[in-house]
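A.B. asks: Make a model of this:
(one chain, ligands or ions: 2)
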Amino acid sequence: MSVSIQFDRVVKRYGSATIIPPLSLTVKDGEFFTLLGPSGCGKTTLLRMVAGFNTIEEGVIAFDGKPVNDMPPAQRNIGMVFQNYAVFPHMNVRRNVAFGLHNRRLQRDEIDRRVDEIMETVHITEYASRMPDRLSGGQQQRVALARAIVIHPNVLLMDEPLSNLDAKLRLEMRNVIRDIQHSLGITTIYVTHDQEEAMAVSDRIAVMEQGVIQQVGTPKRLYQRPVNRFVAGFIGRSNLLNARLEGGSLVFHGTRAFPYPNALPAAADQSVIVSVRPEEFIVSKDGGGLSGKVINSIFLGLNTTYFVKLDSGETVETVEESTIDSIIPQGTPVKLGLKIDKLNVFTADGKASLTRGIGEVAEDA
Ligand SMILES: Nc1ncnc2c1ncn2[C@@H]1O[C@H](COP(=O)(O)OP(=O)(O)OP(=O)(O)O)[C@@H](O)[C@H]1O
Ligand SMILES: [Mg+2]
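C.D. replies: Ligands and ions are numbered 1, 2, ... in the order given. Now for the predicted structure:
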């Protein structure tokens with residue numbers, strides 16, 4: 001059985017330092033939920049509060065509405081996977097996986113049955129009698145995952161579980177984790193500072209900065225409609241251009257006006273920051289748009305990235321599907337059109353969006 005998790009004005013302090021100011025959030029039953037943010041923003045701290053390893057200074061964490069603040073970690077029925085796997089080096093794979101079940105004093109044949117089943121699920125049956133030092137990183141990580149889920153936890157917590165693996169294994173293991181979570185439907189909170197990994201595995205993501213959740217939403221939502229400059233810069237790549245919003249148009253350095261129908265109706269004329277993703281430019285030699293010069297290009301197979309220095313002096317990154325003919329040579333004057341619908345416009349301080357369709361609330365379902 002899995003549970004929903006409620007955070008109601010939860011606060012974490014170490015001495016006089018407030019690491020997490022009042023934070024409210026609901027993780028749905030069966031959801032794959034990710035905490036994403038830069039190093040030191042409080043992801044591990046929050047995860048450990050759910051597990052019961054950290055005290056909660058104010059507010060309530062509840063499972064299915066029942067507060068767990070005072071419940072000891074062992075009674076919370078949580079499975080945990082950490083960055084460093086933490087498999088026991090002196091036990092073979094089978095005994096590692098069975099560990100949590102022995103602790104729960106289950107019958108011998110029940111333990112065997114469950115261990116066999118989980119080892120099948122994560123594909124480690126063939127290593128059952130091996131010692132951990134004879135397993136690869138990915139195999140050890142599977143053992144750690146099996147050990148966490150064999151106890152049939154209500155909640156699965158994972159803290160940067162893939163960061164010790166090489167790039168190829170990371171990709172493979174994130175699919176394994178995603179598939180297993182899906183098939184078992186265990187409510188999962190996953191911690192990472194890798195935005196691509198977060199996008200690949202999560203139902204929803206909370207983007208955190210300095211203990212404060214900036215936005216909660218689906219990967220698609222966060223990418224397409226970030227609530228502020230921080231989220232726009234943290235999820236995916238963004239070019240941030242200075243402009244003015246004037247009479248419903250975006251004016252770049254006084255030269256070029258683009259009608260911007262997505263502006264909030266109440267938005268006054270003001271200086272703004274326009275976030276343009278590399279694929280939201282249309283590069284051409286003689287079309288319309290912002291003027292600039294190609295200063296560098298990188299051929300990436302499917303796509304070619306161009307760095308373009310605008311007449312304003314700002315340098316932007318663009319990406320175009322590679323053509324069979326040629327790459328635009330360095331020094332070529334180009335025009336950059338804009339995919340107006342996709343752009344996001346923020347106040348000059350970057351703290352708020354002026355683009356329609358985001359709404360007042362930072363959370364979407
Ligand atoms: N036991 C502690 N005592 C005092 N401060 C702490 C303690 N543990 C963590 N902190 C502080 O709390 C803040 C959040 O730390 P936390 O480990 O939660 O960050 P994180 O988001 O997990 O970062 P990373 O991505 O580097 O793992 C940091 O500023 C850290 O220095
Ligand atoms: Mg951490």
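A.B. asks: where does the stretch 151-300 of the chain have low pLDDT?
C.D. replies: 254 (pLDDT under 70).
A.B. asks: That one: helices as residue ranges?
C.D. replies: 167-184, 195-201, 219-224, 229-234 (DSSP state H, counting those that start in this stretch).
A.B. asks: Could you provide these in TSV, with additional columns for distance to Lys28 and mean neighbour count?
C.D. replies: Placement of C-beta: from N, CA and C, glycine included. Shown next, in TSV, are these (distance: least, CB to CB, whole Å; neighbours: other CB atoms under 10 Å):
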stretch	distance to Lys28	mean neighbour count
helix 167-184	13	16
helix 195-201	16	20
helix 219-224	15	19
helix 229-234	21	22
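A.B. asks: Take those helices and lay them out in CSV including distance to Pro261.
C.D. replies: Below are the helices of the stretch 151-300 of the chain laid out as CSV (distance: least, CB to CB, whole Å):
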stretch, distance to Pro261
helix 167-184, 37
helix 195-201, 28
helix 219-224, 16
helix 229-234, 20
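A.B. asks: Would you tell me which residues of the stretch 1-150 of the chain are close to ligand 1?
C.D. replies: Counting by CB under 6 Å from any ligand atom, the stretch 1-150 of the chain comes close to ligand 1 at Tyr14, Ile19, Gly37, Ser39, Gly40, Cys41, Gly42, Lys43, Thr44, Thr45.
A.B. asks: again, 8 Å this time
C.D. replies: 12, 14-15, 17, 19, 35, 37-48 (CB under 8 Å from any ligand atom).
A.B. asks: Buried ones among the residues you listed?
C.D. replies: Lys12, Ile19, Leu35, Gly37, Cys41, Gly42, Lys43, Thr44, Thr45, Leu46, Leu47, Arg48 (16 or more other CB atoms under 10 Å).
A.B. asks: and the helix or strand containing the first one, which residues are buried?
C.D. replies: Which is Lys12. Assessed by DSSP states H and E, Lys12 sits inside strand 5-14. For strand 5-14, the neighbour count (16+ other CB under 10 Å) marks Ile5, Gln6, Phe7, Val10, Val11, Lys12 as buried.
A.B. asks: can you check stretch 123-130 too?
C.D. replies: Those would be Ile124, Tyr127, for stretch 123-130 by 16+ other CB under 10 Å.
A.B. asks: domains for this structure, by residue range?
C.D. replies: Using automatic domain parsing, the domains assigned to the chain come out as 5-224, 237-347.
A.B. asks: Pick the most deeply packed of the ones you listed.
C.D. replies: domain 5-224 (a mean of 18; mean count of other CB atoms under 10 Å).
A.B. asks: interface residues of the stretch 151-300 of the chain facing ligand 1?
C.D. replies: Counting by CB under 8 Å from any ligand atom, the stretch 151-300 of the chain sits next to ligand 1 at Asp159, Glu160, Val191, His193, Met208, Gly211.
A.B. asks: again, 6 Å this time
C.D. replies: So the stretch 151-300 of the chain meets ligand 1 at His193 (CB under 6 Å from any ligand atom).
A.B. asks: wouldn't Gln214 be in contact with Leu222 here?
C.D. replies: No. Judged on CB atoms under 8 Å, Gln214 makes no contact with Leu222 at a distance of 9.5 Å.
A.B. asks: joint contacts of those two?
C.D. replies: Listed contacts common to Gln214 and Leu222 are Val207, Val231; contacts here mean CB atoms under 8 Å, 6 or more residues apart in numbering.
A.B. asks: Phe258: which of the buried ones among the residues of the stretch 1-150 of the chain next to ligand 1 is nearest?
C.D. replies: Gly37 (32.5 Å; CB to CB).
A.B. asks: Cheers, nothing more for now.
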